[in-house]
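*Asks:* Test case, fold it:
(2 chains)
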Protein chains: 2
Amino acid sequence: MSAAGSPAPAAARADARPAARADAAAPTVVVVGAGFGGLRVARELAGAPLRVILLDRHNYHLFQPLLYQVATAGLEPEGIARPVRAILRGQRNFEFRMAEVQGVDLDARTVRTDAGNVAYDHLVLALGGETNFYGVEGAARHGFGLKDVDDAVAIRNQVLRCFEEATLEADAARRRALLTFLVVGGGPTGVEMAGAFAELVRVVLVKDYPRLDLADVRILLLEASSRLLAAMPPRLSATAADTLWAKHVEVRFGAAVEAYDGSGARLRGGETIPARTLVWAAGVRAAALAGTLGLRTGPQGRVAVTPTLQVPGHPEVFVIGDAAWVDDGGPPHPMMAPVALQMARTAARNITLALRGRPGEAFRFRDPGSLATIGRRAAVARVHGLSFTGFPAWVVWLVVHLVQLIGFRNKLVVLINWAWDYFFYDRAVRLITRR
Amino acid sequence: MSAAGSPAPAAARADARPAARADAAAPTVVVVGAGFGGLRVARELAGAPLRVILLDRHNYHLFQPLLYQVATAGLEPEGIARPVRAILRGQRNFEFRMAEVQGVDLDARTVRTDAGNVAYDHLVLALGGETNFYGVEGAARHGFGLKDVDDAVAIRNQVLRCFEEATLEADAARRRALLTFLVVGGGPTGVEMAGAFAELVRVVLVKDYPRLDLADVRILLLEASSRLLAAMPPRLSATAADTLWAKHVEVRFGAAVEAYDGSGARLRGGETIPARTLVWAAGVRAAALAGTLGLRTGPQGRVAVTPTLQVPGHPEVFVIGDAAWVDDGGPPHPMMAPVALQMARTAARNITLALRGRPGEAFRFRDPGSLATIGRRAAVARVHGLSFTGFPAWVVWLVVHLVQLIGFRNKLVVLINWAWDYFFYDRAVRLITRR
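*Replies:* Got it, this is the predicted structure:
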């Protein structure tokens, strides 16, 4: 399980810049990606006799589960992002580099970045996922994904701009298209997005735009299968749909989008829906980089790894999270934070085992359940086999998300925002910040 | 003073869209700009028998005096911006339109915008100001102004990116240029910017970048004259300079920038300073639109108005704030919020007087003093003729800014940020959000 035919240790080979402080004798672990998985690996290795270098093209860790609240003007992006350097400031064997990874030279054990090469002894690829438009015509070009800060702010700007334009639009059909919002995909992201969106419109924007006729506003949740939240028990799926209907979201089943051109969507079967805004929450795949490394990939473009999360033939390379596919005959793991966090723990443990020449442990996923909120006092939750709905589920959702959010200040900011919006029926961040 | 040779009332003429709710018989006041002046005019006219239409290209009002704190990672932009519709939600005779004004047809009494024409009976131009680079070679292209949210976020991104790049830069000279920051102009903006910046570096970033040598970091405040804060008593100017020096800001007098190319600045006299970042706080002029209206302009491109703030020959047109120059033989008013707010009150009053066929009142500026903060517990203040420095001035500064910030939620958010940063020596918003 340890290095096979190892070349010279990373510290002895070419590097972008000599390390000023790190222990030059310690083996180098390079972690690519500062999402849930990458960050956890770095933390788990805190006490190990290793030099840990984390690479990310952003200087912050993003709490993706609350991204839809940025898109619906409930939170500012700064509330759910935290600088990596701030998070891992106290960790002595840790080093951060803001760089975009361009490739990996597996034989030379080097990561190529736009800021030079970085040599490694062990590599952990925690590349994350990106929106999967499944090649639907026009969807990637005219629709909005929801995977990073730019996506979320773009959706917020788009929705608010549509309302502004609608107030100035004399033509009734064009005005209705401006006020029709399509959310594609009935998974947790789509359900939460549609619910938050309905509340933004019916609770807040209705007060901002007294001259607009609210009957012109349509929010549609388009799901190709016959139920929402496929990972939940059917009873919760039904509750979610009912709750959305009660908020005036049109939940459509068997509705597969075949094309979108920025002014309307065409569904399978021929129906077209004029709409100026489409949010695509119907799929995720591994980050594109995963497909360019010369490694074998499986479903959703994820890199095939052994049960110990190592790349076959390259035991010094680990892949975790959305970008990893454990090729053990079972179904692929869901692309969500708990999987990434648990894989990170396994990968970190297997690296320290390898240092001692011992074999790695197989990854085993313990499903903590899943949660989706649908607005004020409404959520569905399946936690350790128990199902909740309504107010109790909503409280569980709040607590789980607040606890997991990294950094006390972020927790405080988000809590204040939530309390404010809850008591004052407000969404304060409804700013159009870019043209 | 009332309409001379009035055409048909605005409501009877072509308009982008028929008003759904407004009293069609009421005269229309169009206000251009949602800054301090424009917003105040709209508010002052709340009870008047008028239809008030406010136009702005943004959907929010921005509290510009705290913009430098966004640029130095102390506040998120959302903390100092508030949607216009939220501010004026309760005002029944008020209407907002997000539109970019392209020109004014004075004879037809129509404002041309990218969202159609808007007819007026009275017009208030509150266009605001923009950065004045005085044609210094390369300054507008490679330097950063500080007048809107995009400017501030661009500076924050630039500064943090320079630190990230410096950690990866092996060449000592290039690293020093990355870590040299020039602030041009020793007025309140330049002084506050340099002070906040010095604290960001010496209190926060020093902890984030343990591998960087802090001796490589230089912050220079370049002032062409022989003192800072020319509007303050000389004693306060000297205190400001001493306080900045104590924070390791190099305060240079008689230092006029002649050219900047993105890698270095050339001063008059020939000295060059290698620096990858230059913030231009050396001048403001009226918004460019002011010069395209066919009206007579004076110093800083400001539109010449009568003492009653009306355009000569067009008594139905008022100009206020940064864009207005009262041509009464005296020096032009400073381009700052108190002037705009007081002019707004005069303009609103003169419009209501005109409705009753009475002559307008002349504008008279009551100077409330001025304030500049230079960091933790350090500020200089001149309030109603009294001078303060140090902790008392800092408290005055805090209170004045919190009170003037619009909206309770914004006050709360900003106060929490300040308290957090004060007690934890932090700047939480150090995110690089765009590439």
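*Asks:* could you pull out the strands for the stretch 251-400 of chain A?
*Replies:* Remark: strands assigned in the stretch 251-400 of chain A by DSSP state E, counting those that start in this stretch are A:257-260, A:264-267, A:272-274, A:277-280, A:284-286, A:303-305, A:310-311, A:314-319, A:324-326, A:369-375, A:378-383, A:386-389.
*Asks:* got the contact list for the second one?
*Replies:* When you say that, I think you mean strand A:264-267. A:177, A:182, A:222, A:255-260, A:272-275, A:278 (C-beta atoms under 8 Å, 6 or more residues apart in numbering or on different chains). Just so you know, the C-beta spots here come from the backbone N, C-alpha and C atoms, and that holds for glycine as well.
*Asks:* any weak-confidence spans in chain A?
*Replies:* For chain A, the stretches with pLDDT under 70 are A:1-24, A:435.
*Asks:* Which residue of it lies farthest from its centroid?
*Replies:* No residue in chain A sits farther from the centre than residue A:170, which is 38.9 Å out by C-alpha atoms, centre = their mean.
*Asks:* contacting residues for the residue most central in space within chain A?
*Replies:* When C-alpha atoms, centre = their mean is applied to chain A, the residue found nearest the centroid is residue A:64 (4.4 Å). Shown in contact with residue A:64 (C-beta under 8 Å, 6+ apart): A:35-36, A:147, A:337.
*Asks:* Let me see the backbone angles for it.
*Replies:* Dihedral pair for residue A:64: phi -60, psi -30, per degrees, to the nearest 10.
*Asks:* again with the one 5 residues further on
*Replies:* When read as degrees, to the nearest 10, the backbone of residue A:69 gives phi -80, psi -30.
*Asks:* what's around the nearest residue to it once chain neighbours are set aside, how many residues?
*Replies:* Take residue A:69 and drop its neighbours on the chain: the residue closest to it by C-beta to C-beta, 6 or more residues apart in numbering or on different chains is residue A:75, 4.5 Å away. Residue A:75 has 26 neighbouring residues, counting by other C-beta atoms under 10 Å in any protein chain shown.
*Asks:* check contacts around residue A:75.
*Replies:* Counting by C-beta under 8 Å, 6+ apart, residue A:75 makes contact with A:66, A:69, A:414, A:417, A:429.
*Asks:* Same check on residue A:220?
*Replies:* Applying C-beta under 8 Å, 6+ apart to residue A:220 gives the contacts A:180-183, A:249-252, A:273, A:275.
*Asks:* quick one: secondary structure of the residue farthest from the centre of chain A?
*Replies:* What DSSP: H, G, I helix; E, B strand; the rest coil gives for residue A:170 is coil.
*Asks:* How much space separates it from chain B?
*Replies:* Residue A:170 sits 5 Å away from chain B, going by C-beta to the nearest C-beta, to the nearest Å.
*Asks:* now do residue A:384
*Replies:* For residue A:384, the distance to chain B equals 34 Å [C-beta to the nearest C-beta].
*Asks:* Leaving out chain neighbours, which residue sits closest to that residue?
*Replies:* In space, and not counting its chain neighbours, residue A:384 is closest to residue A:369: 5.9 Å by C-beta to C-beta, 6+ apart.
*Asks:* burial count for that neighbour?
*Replies:* Residue A:369, neighbours per other C-beta under 10 Å, totals 17.
*Asks:* Against residue B:164, how distant is it?
*Replies:* Using C-beta to C-beta, to the nearest Å, residue A:369 is found at 38 Å from residue B:164.
*Asks:* With residue A:403 instead?
*Replies:* For residue A:403, the distance to residue B:164 (C-beta to C-beta) stands at 30 Å.
*Asks:* With neighbour numbers in mind, choose between the two.
*Replies:* The neighbour comparison of residue A:403 against residue B:164 (other C-beta under 10 Å) goes to residue B:164, with 20 against 8.
*Asks:* Doesn't the more buried one belong to a helix?
*Replies:* Yes. Checked against three-state DSSP, residue B:164 lies within a helix.
*Asks:* List the contacts of it.
*Replies:* Listed by C-beta under 8 Å, 6+ apart, the contact partners of residue B:164 are A:59, A:97-98, B:432.
*Asks:* out of the residues you listed, what pair is the most spread apart?
*Replies:* Across these, no pair lies farther apart than A:97 and B:432, at 13.1 Å, counting by C-beta to C-beta.
*Asks:* so where do the helices sit in the stretch 101-250 of chain A?
*Replies:* Assigned by DSSP state H, counting those that start in this stretch, the stretch 101-250 of chain A shows helices spanning A:139-142, A:149-168, A:172-178, A:188-199, A:206-208, A:234-246.
*Asks:* Give the closest residue to the residue of the stretch 201-350 of chain A found nearest chain B in space, chain neighbours not counted.
*Replies:* Closest to chain B within the stretch 201-350 of chain A is residue A:208: 4.0 Å, counting by C-beta to the nearest C-beta. With sequence-adjacent residues excluded and distances taken as C-beta to C-beta, 6+ apart, residue A:208 is closest to residue B:85, at 4.0 Å.
*Asks:* Touching the host helix or strand of that neighbour from outside, list them.
*Replies:* Assessed by DSSP states H and E, residue B:85 sits inside helix B:84-87. Contact with helix B:84-87 is made by A:208-209, A:428, A:430, B:34, B:39, B:54, B:56, B:59-61, B:96, B:406-407, as judged by C-beta under 8 Å, 6+ apart.
*Asks:* gap between that helix and the chain center?
*Replies:* From the chain centre to the centre of helix B:84-87 is a distance of 19 Å (C-alpha atoms, centre = their mean, to the nearest Å).
*Asks:* Past that helix, which element shows up next along the chain?
*Replies:* Downstream of helix B:84-87, the first helix or strand assigned by DSSP H and E is strand B:94-98.
*Asks:* what sits against residue A:402?
*Replies:* So residue A:402 contacts A:411, A:414-415 (C-beta under 8 Å, 6+ apart).
*Asks:* need these in a markdown table with secondary structure and neighbour count, can you?
*Replies:* Listed next are these as a markdown table, based on DSSP: H, G, I helix; E, B strand; the rest coil; neighbours: other C-beta atoms under 10 Å in any protein chain shown:
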| residue | secondary structure | neighbour count |
| --- | --- | --- |
| A:411 | helix | 16 |
| A:414 | helix | 22 |
| A:415 | helix | 14 |
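*Asks:* ok, the residues you listed vs chain B, which is closest?
*Replies:* Using C-beta to the nearest C-beta, residue A:415 comes nearest to chain B of the contacts of residue A:402, at 10.9 Å.
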